[in-house]
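[1] sequence first, then the predicted structure:
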Amino acid sequence: MQHTILAIESSCDDTSAAIIQNGSVRSNIVASQDAHRLYGGVVPEVASRAHQNNIVPVVRQALADAEVSVNQLDAVAFTRGPGLVGSLIVGISFAKALALSQDIPLIEVNHLQAHVLSAFAQKPYPSFPFLCLTVSGGHTQIVLVRSPLDMEIIGQSIDDAAGEAFDKSGKMMGLDYPAGPIIDKLAQKGRPVFEFPQPKIQGFNYSFSGIKTAFKYFLRDQVAANPDFIAENKYDIAASIQHRIVTILLQKLRKAARKLQINQITIAGGVSANSYLRTKLQEMGEKERWDTFIPPFKFCTDNAGMIAVAARFKYMEGEFSDQSVGPLAKWKF
C-alpha cells in the first residue's frame, strides 16, 4: 500500500517531526530544549512553550528533507501519550489542525509502543515474537511483542526507572543534567571496582530505588573519610554504578528470554544509547545465541521517526482517530 505519513512527537522536551513513505523513514528532525539544564530536570511549562516555538519549523524541515509537500500526505500521526499534558497538547493540536485542513486521517500513537517498534525503523528487522527491553528516563519494561499491534508488558520497574537511577546517581556526583550520557563517558575511562547490591525482585520486574539509596550512602561515607573522593575517583564511580544498573537490566532480560524460549531480542528508549549497555547486550546475545537488534542512536531517544513507524502499522490496519481525540498523560498498553 502506497502511503506518506507525517508524524509528530512532543511527549516531553523534544519537538520532532518525521516523514515515512512506503515504509521508509525519509526524514526525522528533532529540536531539543537546553533550558531544562538550568533546573536539573524537565520543567513542564518551559517544555510546552518551547514546543509551540519549535513545531512549525520542525515540521517544515521534515517535509523539506523528505521532498514532500503537505498535499501529498495521506495521514498525520501524533503521540497521544504517555507524557506531559502541556507538551502533548501542542503536538496533538497541530496534528488535528493539519489533518482537518487537508481532509486526511489522524493516527494516535502510544509513545512506549513506538519505542518498541523503532526496531522497524531500519533493516534488519526482528521476527515475531520478540522481546524488547525498553529503557528510558521514565520507564523500564520488558515487552513481549507478538505482532506490531499485539504487545504485553511482562516486566517493569516497581519504582524508579533505570534512566532515573542514572540521572539521580549523577546528580549525587555533582554532574550536570541529564547525567546518564555523562556517566557513560566517564565510565569509559574507569573500572567497576566498587560493589553495589543486587535487588532481589521476583519474576521479570525491576527495582532501582535500592541502588539509588545504596549509592547515596556509599558516597556519604566515602566523602566523610576523604572530601575529595568523588573528584579523585569519578571514572571508577561512574563505571561501577553503570555496571550494576546494566547488569540488573540484562539479567532479567536473559531470565525472560530463557523462560519464554525467545531468541529475538531488541532494545529501545533513551538509555539504549548507553554504550556499555549496547556492548554487554551484544556479548550476552552471542553467549545466549540470540538475534539481537540494536537501533541506531537517532532512533533511541524521543523522536518522530519511531512514531511514524508505529503509525504505518496502524494505517495499514485502518486504525484512525477523530477530531475529538485528546492527550492521555498516563496512557498504558
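    Happy to help now that I have it. Numbers count the residues shown, from 1 in each chain.
[2] contacting residues around residue 241?
    165, 166, 169, 183, 194, 196, 211, 215 (C-beta atoms under 8 Å, 6 or more residues apart in numbering). In this view, the C-beta of every residue, glycine as well, is placed from N, C-alpha and C.
[3] just the buried residues of the strand or helix carrying the last one, please?
    It stands for residue 215. Residue 215 belongs to helix 209-225 when assigned by DSSP states H and E. Applying a neighbour-count criterion of 16 or more other C-beta atoms under 10 Å, the buried positions in helix 209-225 are 210, 211, 212, 214, 215, 218, 219, 222.
[4] so of the contacts of residue 241, which ones are in helices?
    Here DSSP state H is the test, and those give 165, 166, 169, 183, 211, 215 as lying in helices.
[5] of all those, which two lie farthest apart?
    183 and 211 (13.0 Å; C-beta to C-beta).
[6] okay, and the common contacts of those two?
    Joint contacts of residue 183 and residue 211 (C-beta under 8 Å, 6+ apart) are 169, 241.
[7] sec struct for residue 134, please.
    Three-state call for residue 134 (DSSP: H, G, I helix; E, B strand; the rest coil): strand.
[8] tell me the confidence at it?
    Residue 134 carries a pLDDT value of 96.
[9] I figured it hits residue 112, correct?
    Yes - at 6.4 Å, residue 134 counts as touching residue 112 under the criterion of C-beta atoms under 8 Å.
[10] so for these two, which sits in the more crowded spot?
    residue 112 (28 against 25; other C-beta atoms under 10 Å).
[11] model confidence score at that one, please.
    For residue 112, the predicted pLDDT is 94.
[12] the helix ranked longest in the chain versus helix 209-225: what angle between them?
    The helix spanning the most residues in the chain, taking DSSP H as the definition, is helix 229-260. Interaxial angle, helix 229-260 versus helix 209-225 (axes from the mean of the first three to the mean of the last three C-alpha atoms, to 10 degrees): 160 degrees.
[13] residue with max distance from the center of the chain?
    In the chain, residue 225 marks the outermost C-alpha relative to the chain mean, sitting 38.4 Å out by C-alpha atoms, centre = their mean.
[14] OK, contacts around residue 281?
    133, 250, 253, 265, 267, 292, 294.
[15] residue contacts, the first one?
    Residues near residue 133 by C-beta under 8 Å, 6+ apart: 141, 142, 143, 249, 250, 253, 265, 266, 267, 268, 272, 281.
[16] for the worst-scoring helix or strand of the chain on mean pLDDT, buried residues please.
    Within the chain, no helix or strand scores below helix 44-66, which has a mean of 91 by mean pLDDT, DSSP states H and E. By neighbour count with 16+ other C-beta under 10 Å, helix 44-66 contains the buried residues 46-52, 54-55, 58-59, 62-63, 66.
[17] let's have the residues you listed in CSV, adding distance to residue 6.
    Below are those laid out as CSV (distance: C-beta to C-beta, whole Å):
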residue, distance to residue 6
46, 26
47, 21
48, 21
49, 23
50, 20
51, 16
52, 18
54, 15
55, 12
58, 11
59, 7
62, 7
63, 7
66, 9
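[18] which one of these is nearest to residue 99?
    For those, the nearest to residue 99 is residue 59 (12.6 Å; C-beta to C-beta).
[19] domains in this structure, by residue range?
    Domain segmentation of the chain under automatic domain parsing yields 4-117+300-316, 124-294.
[20] ok, which stretches of the stretch 1-150 of the chain are helices?
    Secondary structure of the stretch 1-150 of the chain (DSSP state H, counting those that start in this stretch): helices at 44-66, 85-102, 111-117.
[21] so where is this structure shaky, pLDDT-wise?
    For the chain, the stretches with pLDDT under 70 are 1, 33-42.
[22] centroid residue for this structure?
    Most central in the chain (C-alpha atoms, centre = their mean) works out to residue 269, at 2.2 Å.
[23] contacts only, for the residue nearest to residue 222 when sequence neighbours are not counted.
    Leaving out its chain neighbours, the residue that sits closest to residue 222 by C-beta to C-beta, 6 or more residues apart in numbering is residue 229, at 4.3 Å. Remark: with contacts taken as C-beta under 8 Å, 6+ apart, residue 229 is in contact with 219, 222, 223.
[24] format the residues you listed as TSV; extra columns: distance to residue 102.
    Formatted as TSV, the contacts of residue 229 follow (distance: C-beta to C-beta, whole Å):
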residue	distance to residue 102
219	55
222	60
223	59
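[25] nearest to residue 202, of those?
    residue 219 (29.2 Å).
[26] picking that back up, quick check, nearest of the contacts of residue 133 to residue 328?
    residue 141 (17.2 Å).
[27] re earlier: against residue 173, how distant is the residue nearest to residue 222?
    Distance, residue 229 to residue 173, using C-beta to C-beta, to the nearest Å: 10 Å.
[28] now the common contact residues for those two.
    Counting by C-beta under 8 Å, 6+ apart, the shared contacts of residue 229 and residue 173 are residue 219.
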